[in-house]
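Colleague: Everything below, folded, please.
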Amino acid sequence: MLQVIALAAANLTGSIPPTLFNRSLTIVDLTYNDLSGSLLSNLCSHWPNIQWLFLSYNQFNGLLIETLTQCKELLKLSLSFNRFKGSIPRDIDGLQKLQELYLGFNNLTGTIPRTIGNVSSLHFLDVSSNYIGGVIPSEIGKLVNLEYLNLGRNLLTGKVPQEVFNVSSLRHISLGFNSLSGNLVSSSEPSLPNLEALFLAGNCFGGNIPQYISNFTNLIIFSAGQNQLSGPIPMSLGNLKNLRSFGVSSNQLTGEPFGSELGFVTALSNCQSLRFLSLQRNPLRGSIPRSINFSSSLQILYASDCQIRGHIPKEMVFLKSLIFLHLSNNDLDGNIPSSIGGLESLQRLYLDNIHLEGPIPDEICNLTSLGELQLQQNRISGSIPNCIGNLSSLQKLFVSSNNMTSVIPISLWSLQELIFLNLSLNSFNGKLLFSMGKMRAISSIDLSWNRLTGAISSSIQEFESLASLNLSRNSFQGSIPQSIGNLKGLDFLDLSYNELSGTIPKSMEGLRYLQNLNLSFNKLSGEIPNGGPFKKFSVLSFIGNEALCGNATLQVPPCKLNRKKSTRDKQLRLLFIMLPIVSAVLLVFAICLLRKHGNLGKKAPVSV
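Modeller: Model (predicted):
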């Protein structure tokens with residue numbers, strides 16, 4: 001008499017055992033497991049009374065069997081997130097009681113059958129993230145009870161039938177990331193009084209954003225990025241009091257004609273529930289209005305690559321809930337307003353490549369939740385505030401390609417969470433004063449193209465996670481510290497164009513992950529180590545160090561033999577030369593002695 005089996009999220013594996021096919025079952029829930037295999041071809045004859053069948057989030061495969069339509073009592077069928085193939089059964093209208101159908105995230109092909117329009121009881125239809133092609137059938141307009149429609153991430157083409165936009169019960173429409181086309185403006189105004197979410201991103205829709213969008217008074221999410229929309233963003237969007245997310249990135253949208261300010265931003269300020277605003281990569285060509293005020297709602301603002309002009313208004317301080325501000329690659333100018341320190345919730349701040357000038361205000365140190373700060377490619381001058389150490393959550397700091405001077409504050413090296421640091425292409429000077437044992441998370445340091453002097457501190461070994469180090473184009477002196485060999489994860493090292501001297505530390509043979517090494521144009525001498533990673537670099541350079549020597553493959557002269565060996569060889573060579581000479585002299589001397597001795601042995605003649 002068993003009617004319900006619920007074994008969701010139970011870490012089950014294998015296939016469904018035959019003994020589970022009990023004719024009395026009405027509900028089977030096996031979601032969130034690791035079950036596999038294919039479904040029985042006569043599944044419905046084993047489960048004739050099945051009403052809820054939930055098999056999502058498993059590894060089931062094989063064809064989506066046609067006989068599923070014989071389960072006449074089915075109310076809810078969920079097969080999403082599996083590996084089913086084949087097409088949606090054409091006799092899907094046999095499931096006259098079906099209320100919810102979830103087939104998303106499989107490998108289904110074919111088209112959406114027009115018979116789907118006969119399943120009038122359907123409330124939820126999801127066939128997203130498959131390979132379904134063809135057009136959207138106008139018969140979907142017959143589903144008068146449909147509340148949720150998700151056809152996103154497929155291969156659908158053509159225009160969206162007007163009938164779809166006349167299903168007044170619809171609350172959620174998702175058509176994103178297909179190849180759909182046509183204009184959003186139609187001859188007749190859609191009747192969608194209950195619409196809460198409209199996803200159209202990643203298609204080929206053109207034309208203007210229609211004014212009738214403002215009639216969808218319950219709209220919470222509007223997403224139409226990555227299309228070909230053009231014209232001004234409607235001011236009437238300010239009527240959408242429930243709007244929380246508005247995304248129109250990567251289109252050809254503009255501000256109001258002949259307007260110096262982006263008036264629609266002021267209009268959207270009336271949407272007191274708006275949390276997410278994405279405008280990037282549109283030719284808006286206007287300035288940020290001083291009337292920008294989303295009270296305590298707006299959290300994320302993307303407005304990069306929008307040709308925005310003028311200054312960053314100090315009134316942005318009113319965006320108290322802002323956690324993400326992206327204004328990169330615009331035509332803004334002027335200083336960073338000191339009022340930015342009032343955005344105390346800010347976690348990500350991108351102000352790179354927007355022609356900013358002047359100093360970094362000390363008030364930026366009030367942003368204690370800041371995790372990323374990108375100010376590169378501007379005309380910022382002065383120094384890094386000494387209070388930078390207050391940003392204890394900072395993980396990424398990019399201030400390259402500016403006009404900054406002075407020394408690097410010692411408080412910078414106390415940022416324990418910092419992972420990426422780039423201060424290159426500035427005029428920083430003085431010595432590096434590392435705060436030992438602090439930056440344990442640092443992975444990349446780029447201080448190249450500055451005016452730094454002094455020695456490279458041996459305390460650099462404290463940067464245990466360092467993978468990339470670029471100190472090139474400075475005036476560092478002294479030797480390369482032996483402790484650099486302790487940076488076991490290092491894969492990129494550039495110390496070129498400095499005044500380093502001495503030998504290359506043999507400890508660097510232990511840097512087994514090192515792939516890119518540049519020590520060129522220094523005053524290094526001695527033999528290049530020949531062990532460890534020095535044999536397998538993908539990129540390396542030692543040029544400009546006239547006193548270096550080593551293997552010919554390193555494009556340096558071979559090393560001369562050391563003095564002890566050379567002296568010993570000279571002694572041996574002299575011995576080999578002198579030994580025969582001395583032996584010959586001794587032999588002649590011995591012969592002379594023998595002859596003399598022989599003459600003395602003869603008797604002298606007697607004189608008469």
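
Colleague: Any stretches of the protein with poor pLDDT?
Modeller: 187, 258-259, 295, 435-437, 537, 561-576, 584, 588, 590-608 (pLDDT under 70).

Colleague: What segments of it are helices?
Modeller: 43-46, 263-268, 563-600 (DSSP state H).

Colleague: What residues sit buried inside stretch 191-205?
Modeller: 192, 194-203, 205 (16 or more other Cβ atoms under 10 Å). In short, each C-beta sits where N, CA and C put it, glycine included.

Colleague: Equivalent analysis for stretch 260-275, please.
Modeller: In stretch 260-275, counting by 16+ other Cβ under 10 Å, buried: 261-271, 274-275.

Colleague: hang on, the earlier thing: just flag the most distant two among the buried residues of stretch 191-205.
Modeller: Using Cβ to Cβ, the pair of the buried residues of stretch 191-205 lying farthest apart is Asn194 and Gly202, separated by 24.6 Å.

Colleague: what about Ser129, distance to Ile92?
Modeller: With distances taken as Cβ to Cβ, to the nearest Å, Ser129 is found 19 Å from Ile92.

Colleague: try Gly231
Modeller: For Gly231, the distance to Ile92 - Cβ to Cβ - is 40 Å.

Colleague: Comparing those two, which residue is more hemmed in?
Modeller: With neighbours defined as other Cβ atoms under 10 Å, Gly231 and Ile92 compare such that Ile92 has more, 19 against 15.

Colleague: show me what contacts the more buried one?
Modeller: Residues near Ile92 by Cβ atoms under 8 Å, 6 or more residues apart in numbering: 69, 101, 113, 115-116, 119.

Colleague: do the same with Gly430
Modeller: Residues 406-408, 452-454 are the ones in contact with Gly430 under the rule Cβ under 8 Å, 6+ apart.

Colleague: do the same with Ser444
Modeller: Ser444 neighbours (Cβ under 8 Å, 6+ apart): 419-422, 466-469.

Colleague: These in strands, which ones?
Modeller: Taking DSSP state E, the ones among these that sit in strands are 420-422, 468-469.

Colleague: okay, these in TSV with neighbour count and distance to Leu332 next?
Modeller: Formatted as TSV, these follow (neighbours: other Cβ atoms under 10 Å; distance: Cβ to Cβ, whole Å):
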residue	neighbour count	distance to Leu332
Phe420	17	24
Leu421	24	25
Asn422	19	21
Ser468	17	30
Leu469	23	33
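
Colleague: Could you save these as CSV and add columns showing distance to Cys365?
Modeller: Listed next are the ones in strands among the contacts of Ser444 as CSV, based on distance: Cβ to Cβ, whole Å:
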residue, distance to Cys365
Phe420, 19
Leu421, 17
Asn422, 19
Ser468, 27
Leu469, 27
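
Colleague: out of the contacts of Gly430, which are inside strands?
Modeller: Going by DSSP E, the strands hold 452-454 from the contacts of Gly430.

Colleague: Mind checking which of those are buried?
Modeller: Using 16+ other Cβ under 10 Å, the buried ones in those are Leu452.

Colleague: tell me which of the ones in strands among the contacts of Gly430 is nearest to Arg473?
Modeller: Closest to Arg473, out of all of the ones in strands among the contacts of Gly430 and judged by Cβ to Cβ, is Leu452, at 9.5 Å.

Colleague: That closest one and Ile419: what is the separation?
Modeller: When distance is defined by Cβ to Cβ, Leu452 is 21 Å away from Ile419.

Colleague: Lys488 now?
Modeller: Distance from Lys488 to Ile419, by Cβ to Cβ: 17 Å.

Colleague: Which one's more surrounded, those two?
Modeller: Taking neighbours as other Cβ under 10 Å, Lys488 and Ile419 compare with Ile419 leading, 18 against 13.

Colleague: is it true that that one touches Arg440?
Modeller: No. Using Cβ atoms under 8 Å, Ile419 is not in contact with Arg440; the gap is 10.5 Å.

Colleague: Tell me how many other residues crowd Ser475.
Modeller: By other Cβ under 10 Å, the residues close to Ser475 number 13.

Colleague: ok, the closest residue to it other than its chain neighbours - contacts?
Modeller: Nearest residue to Ser475 in three dimensions, chain neighbours excluded: Thr453, at 4.7 Å (Cβ to Cβ, 6 or more residues apart in numbering). Contact analysis of Thr453 by Cβ under 8 Å, 6+ apart lists 429-431, 474-477.

Colleague: do Ser369 as well
Modeller: Shown in contact with Ser369 (Cβ under 8 Å, 6+ apart): 323, 344-347, 393.

Colleague: switch to 7 Å and redo it
Modeller: Counting by Cβ atoms under 7 Å, 6 or more residues apart in numbering, Ser369 makes contact with 345-347, 393.

Colleague: cool, and Leu421?
Modeller: Each residue near Leu421 by Cβ under 7 Å, 6+ apart is listed here: 397, 442, 444-445.

Colleague: repeat that with 8 Å
Modeller: Counted by Cβ under 8 Å, 6+ apart, Leu421 has contacts 397, 412, 442, 444-446.

Colleague: residues contacting Phe205?
Modeller: 180-184, 224, 227-229.

Colleague: Just the ones of those residues in strands?
Modeller: When DSSP E is applied, those are split such that 180-183, 228-229 fall in strands.

Colleague: Using PyMOL, make a named selection holding only the buried ones among the residues you listed.
Modeller: Per 16+ other Cβ under 10 Å, the buried members of the ones in strands among the contacts of Phe205 correspond to this PyMOL selection:
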select buried, resi 180+229
